[in-house]
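Colleague: Using only what follows, build the 3D model:
(one chain, ligands or ions: 3)
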Amino acid sequence: MSVSPFLVSAPGKVIIYGEHSAVYGKPAIAAALSLRAYLLVTPCEDVNDIRLDFPDIGLSHSWNKENIPWEDIRKFVTFKDEKPVVTEELVPEIVDLLSTVLADVESKLHYTACLCFLYLYANLSNKDVPGMRFIVKSTLPIGAGLGSSACTAVCLASALARLGKHVSAACHTSTEKVYKKENSDLDFIDSWSLMGEKCFHGNPSGIDNAVATYGGAVMFQRTTIPSKPSVRTTMRNFPPIKLILINTKVPRSTAALVGNVAQVNRTYPKCAGSILDAMEHLVFEAYQIMIRPSFGKEEKDQLRELVNINHGLLVALGVSHPALEKIKIIGDTHGIGSTKLTGAGGGGCAISLVHDDVEEEVIQKAIKEFENEGYETFETSLGGKGVGSLSLEDVDKDKRDTVFSAEVFSSYKDRDEVEKALKSDIYESWRFW
Ligand SMILES: Nc1ncnc2c1ncn2[C@@H]1O[C@H](COP(=O)(O)OP(=O)(O)OP(=O)(O)O)[C@@H](O)[C@H]1O
Ligand SMILES: C[C@@](O)(CCO)CC(=O)[O-]
Ligand SMILES: [Mg+2]
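Modeller: Numbering: from 1, shown residues only. Ligands and ions are numbered 1, 2, ... in the order given. Presented below is the predicted three-dimensional model:
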């Protein structure tokens with residue numbers, strides 16, 4: 001069996017309302033970002049070699065395919081219509097079997113990333129698939145609240161599902177509008193990427209990987225009843241919101257912050273419960289405003305008010321950070337709009353919903369101040385495409401050697417080089433499920 005090289009890609013996300021409360025079964029609203037993760041899969045010379053290169057986190061590791069305990073792992077995997085079925089939680093026996101294969105991975109950061117890869121690899125691929133090299137590059141800041149873990153998990157799940165022949169080929173172009181009510185390939189990728197997210201942090205709501213898989217904008221609500229699927233309401237007419245993204249560059253981990261909120265919830269259940277209920281109400285209010293047929297000044301003002309309330313509630317849960325508060329002070333001092341942390345908080349990114357009436361000069365002043373503090377600002381658009389793939393046959397013959405070369409892919413130095421080579425130059429060649 002020989003496999004041609006291919007690329008997959010999935011977007012980051014920005015949560016506009018409802019982070020953390022999403023974990024407790026409350027609704028949240030999020031949209032896909034234009035910043036994305038890219039994964040190149042190429043055959044290895046040695047058919048038994050599985051090689052993982054995650055240069056963004058300084059990880060390079062390889063395994064011999066023969067050392068994966070396929071038979072033992074298969075005892076814990078259920079198949080329906082020849083496809084592996086996801087479980088409510090990670091299967092502890094599989095995690096245990098993989099821990100032997102991971103014994104030589106020392107750093108915790110690398111261990112988690114390798115576990116995510118191997119968990120999906122062992123479930124979705126099989127021992128007949130020849131050895132491949134997997135290289136991930138992201139144009140998103142990593143661990144900054146924009147869903148870098150989820151889009152990595154979606155890239156891995158979609159690539160491995162393709163290698164395991166569990167999904168059909170992606171065939172829609174970037175300009176085609178596809179309104180299919182059901183898409184079993186995307187559902188399969190979404191459900192398995194959630195298992196990947198569970199490797200990164202124990203208790204994900206599923207909103208990040210849902211946005212990375214399906215793209216667009218959604219109101220998402222996790223069900224608290226085991227085995228009932230989450231509810232995803234697509235927001236087709238997502239209002240045109242002018243937004244600035246600011247990255248404090250303060251490192252943090254979603255797993256730790258979700259754990260901190262769980263601790264607050266255990267210690268002060270009534271108090272934390274009221275905060276989470278308030279978040280639920282504000283998300284429903286925001287949703288009702290966003291879907292109004294006319295979207296004018298009143299609606300925009302209300303959405304900004306709700307952004308401020310949401311930030312206050314997140315502060316009350318203890319997930320802000322002095323750097324995020326500094327962003328809020330700078331934004332509010334210049335009156336650019338409303339600012340809140342986004343994603344898990346504790347550092348990472350904030351968003352400002354910009355006021356229409358603010359002069360460009362004032363916005364530039366605020367941006368300058370953010371940059372003087374060492375923060376990075378992004379201009380990005382919301383609501384883009386979800387997971388996509390680029391196969392050999394999608395690309396002109398004379399470009400294939402460059403587009404699918406591990407050497408060339410590894411040599412892209414920064415966000416601009418990745419985006420130029422894989423997006424600007426050949427975006428119309430990508431296919432989406
Ligand atoms: N490009 C990448 N290559 C390899 N691993 C990655 C990459 N991007 C993210 N990760 C993994 O995801 C982890 C960061 O995930 P985390 O959930 O803490 O932050 P985030 O997803 O960026 O933010 P949030 O969950 O708040 O949206 C990294 O430590 C790493 O394990
Ligand atoms: C903090 C959180 O609500 C969002 C992280 O982007 C966690 C989750 O929903 O999985
Ligand atoms: Mg994450």
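Colleague: so where's the longest helix in this structure?
Modeller: The helix that spans the most residues within the chain, counting by DSSP state H, is helix 269-290.
Colleague: Can I get the helix or strand just after it in CSV? Just the C-alpha atoms.
Modeller: Proceeding C-terminally, helix 269-290 gives way to helix 297-316 as the next helix or strand, assigned by DSSP states H and E. Taking C-alpha atoms only, helix 297-316 is exported to CSV below (Å, rounded to 0.1, in the frame of the first residue of the first chain):
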residue,chain,number,x,y,z
LYS,A,297,-26.3,50.9,16.3
GLU,A,298,-28.6,49.7,19.1
GLU,A,299,-27.7,46.1,18.5
LYS,A,300,-24.0,46.9,18.4
ASP,A,301,-24.1,48.9,21.6
GLN,A,302,-25.9,46.0,23.3
LEU,A,303,-23.3,43.4,22.1
ARG,A,304,-20.6,45.6,23.5
GLU,A,305,-22.3,45.9,26.9
LEU,A,306,-22.6,42.2,27.0
VAL,A,307,-18.9,41.9,26.3
ASN,A,308,-18.1,44.0,29.3
ILE,A,309,-20.5,42.0,31.5
ASN,A,310,-18.9,38.7,30.3
HIS,A,311,-15.4,40.0,31.1
GLY,A,312,-16.6,41.0,34.6
LEU,A,313,-18.0,37.5,35.2
LEU,A,314,-14.8,35.8,34.0
VAL,A,315,-12.8,38.1,36.4
ALA,A,316,-15.1,36.9,39.2
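Colleague: what about the longest helix of the chain and ligand 2, touching?
Modeller: No - no part of helix 269-290 sits near ligand 2 under the criterion C-beta under 6 Å from any ligand atom; the closest distance found is 10.3 Å. Yep, even glycine has a C-beta here, placed from its N, CA and C like the rest.
Colleague: neighbours around Arg74, how many?
Modeller: Residues contacting Arg74 under the criterion other C-beta atoms under 10 Å number 15.
Colleague: Check which helices and strands the strand ranked longest in the chain sits against.
Modeller: Counting residues, the longest strand in the chain under DSSP state E turns out to be strand 27-43. Applying 3 or more C-beta pairs under 8 Å, 6 or more residues apart in numbering; DSSP states H and E, we find strand 27-43 packed against strand 6-17, strand 132-138, helix 148-163, helix 207-214, strand 217-221, helix 269-290, helix 406-411.
Colleague: Now do the buried residues in stretch 60-75.
Modeller: Residues 61, 63, 65, 68, 73 are the ones in stretch 60-75 that count as buried (16 or more other C-beta atoms under 10 Å).
Colleague: Am I right that the first one is in a helix?
Modeller: The reference is to His61. No - the assignment for His61 is strand, going by DSSP: H, G, I helix; E, B strand; the rest coil, so no helix is present there.
Colleague: Skipping adjacent residues, who's closest to Tyr111 in space?
Modeller: Excluding its sequence neighbours, the residue lying closest to Tyr111 (C-beta to C-beta, 6 or more residues apart in numbering) is Val105, at 4.8 Å.
Colleague: Actually, Phe378.
Modeller: Nearest in space to Phe378, with sequence neighbours left out and distances taken as C-beta to C-beta, 6+ apart, is Leu245 at 4.0 Å.
Colleague: now Ile15
Modeller: Leaving out its chain neighbours, the residue that sits closest to Ile15 by C-beta to C-beta, 6+ apart is Ala30, at 4.5 Å.
Colleague: Now the residue of the chain found nearest ligand 3: closest residue in space, sequence neighbours ignored.
Modeller: Among residues of the chain, the one nearest ligand 3 by C-beta to the ion turns out to be Ser149. It sits 3.3 Å away. On the basis of C-beta to C-beta, 6+ apart, the spatially nearest residue to Ser149 that is not a chain neighbour turns out to be Phe200, at 4.2 Å.
Colleague: Is the one you found in contact with Cys114, as I believe?
Modeller: No - using C-beta atoms under 8 Å, Phe200 and Cys114 do not qualify as a contacting pair, with a distance of 11.6 Å.
Colleague: Angles on the backbone of Glu82, please.
Modeller: The main-chain torsion angles of Glu82 are listed as degrees, to the nearest 10 and equal phi 70, psi 10.
Colleague: With the one 3 residues further on instead?
Modeller: Comment: the main-chain dihedrals of Val85 come out as phi -100, psi 130, following degrees, to the nearest 10.
Colleague: How many neighbouring residues does the closest residue to it other than its chain neighbours have?
Modeller: Excluding the flanking residues, the one nearest Val85 by C-beta to C-beta, 6+ apart is Thr78, at 4.7 Å. Thr78 is surrounded by 10 other residues when neighbours are defined as other C-beta under 10 Å.
Colleague: And stretch 59-69, how far out from the chain middle?
Modeller: 25 Å (C-alpha atoms, centre = their mean, to the nearest Å).
Colleague: and it with ligand 1, contact?
Modeller: No - remark: stretch 59-69 sits outside contact range of ligand 1, by C-beta under 6 Å from any ligand atom, the gap being at least 6.7 Å.
Colleague: Could you report the neighbour count for Gly58?
Modeller: Neighbour number of Gly58 under other C-beta under 10 Å is 9.
Colleague: how close does the residue lying closest to it once chain neighbours are set aside get to ligand 1?
Modeller: In space, Gly58 comes closest to His110 once its chain neighbours are excluded; the distance is 8.0 Å by C-beta to C-beta, 6+ apart. His110 sits 8 Å away from ligand 1 when distances are taken as C-beta to the nearest ligand atom, to the nearest Å.
Colleague: Which residues are in contact with the residue nearest to Ile15?
Modeller: Counting by C-beta atoms under 8 Å, 6 or more residues apart in numbering, Ala30 touches 13-16, 18, 207-208, 211, 217-218, 220.
Colleague: what's the span of stretch 409-428 from first residue to last?
Modeller: The separation between the terminal residues of stretch 409-428, taken as C-alpha to C-alpha, to the nearest Å, is 19 Å.
Colleague: Contact residues of the stretch 151-300 of the chain facing ligand 3?
Modeller: Residues of the stretch 151-300 of the chain that fall close to ligand 3, judged by C-beta under 5 Å from the ion: Thr254.
Colleague: Quick check: which ranges of the stretch 151-300 of the chain have low pLDDT?
Modeller: Flagging of the stretch 151-300 of the chain using pLDDT under 70 yields the residue ranges 178-181.
Colleague: How about it: which residue is closest to ligand 1?
Modeller: Of all residues in the stretch 151-300 of the chain, Thr254 sits closest to ligand 1, at 3.3 Å by C-beta to the nearest ligand atom.
Colleague: Also the stretch 301-433 of the chain?
Modeller: Here the stretch 301-433 of the chain gets closest to ligand 1 at one residue, Gly343, 3.0 Å apart by C-beta to the nearest ligand atom.
Colleague: Report pLDDT for that residue.
Modeller: Per-residue pLDDT puts Gly343 at 98.
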